[in-house]
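Engineer: curious how this folds, go ahead:
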Amino acid sequence: MSPVRVIVPVKEEILRTAERRKSAGMKEHVSELLAELIDLGYEFRLRRLYQRFEEGEISLEYFAQEMGLGIRELYAVLEEQGWPTSNITLPHPQTVEGSET
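Structural biologist: Residues are numbered from 1 along each chain as shown. Sure thing, here's the model as predicted:
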């Protein structure tokens, strides 16, 4: 996948950290730091939304919209993570007195 340039609002503390790295002669590492922070934010959001999806709180369609993806793209991302893509679970059969299941 080729890199995409995006404009992202960043908290001032993150910018100060980047500026400190830049002034300490670590200029080339600033873009790496920011890219890593974006990746971590993406992963955090993915995990958080997945947890809500898994609990049945949100639909797959809503999950995809919140991630800025199509449903097929989200399926691919979830499969990449090794996560199930369905929040539908069958209830466990309950044993009723006097019946065998």
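Engineer: share the number of residues neighbouring residue 12, please.
Structural biologist: As a burial measure, residue 12 scores 7 neighbours (other C-beta atoms under 10 Å). From N, CA and C alone the C-beta is placed, and that goes for glycine too.
Engineer: for residue 15, same thing?
Structural biologist: When neighbours are defined as other C-beta under 10 Å, residue 15 has 12 of them.
Engineer: also residue 74?
Structural biologist: Neighbourhood size, residue 74 [other C-beta under 10 Å]: 23.
Engineer: I'd assumed residue 61 was in contact with it.
Structural biologist: No: between residue 74 and residue 61 there is no contact under C-beta atoms under 8 Å: 9.1 Å.
Engineer: okay, and residue 57 sits in which element?
Structural biologist: Taking DSSP states H and E as the definition, one finds residue 57 inside no helix or strand.
Engineer: residue 49 now?
Structural biologist: helix 27-54.
Engineer: tell me which other helices or strands the very next helix or strand once past that helix touches.
Structural biologist: For helix 27-54, the following helix or strand on the C-terminal side (DSSP H and E) is helix 60-67. Secondary-structure packing of helix 60-67 (3 or more C-beta pairs under 8 Å, 6 or more residues apart in numbering; DSSP states H and E): helix 27-54, helix 71-81.
Engineer: and the angle from helix 60-67 to helix 27-54?
Structural biologist: On the basis of axes from the mean of the first three to the mean of the last three C-alpha atoms, to 10 degrees, helix 60-67 is oriented at 160 degrees to helix 27-54.
Engineer: could you tell me the angle between helix 60-67 and helix 71-81?
Structural biologist: Using the same axes, to 10 degrees: helix 60-67 against helix 71-81 is 80 degrees.
Engineer: which non-adjacent residue is nearest the residue nearest the centre of the chain?
Structural biologist: The centroid of the chain falls nearest to residue 46 when counting by C-alpha atoms, centre = their mean (1.4 Å). With C-beta to C-beta, 6 or more residues apart in numbering as the criterion, residue 46 has its nearest non-adjacent residue at 6.6 Å, and that residue is residue 67.
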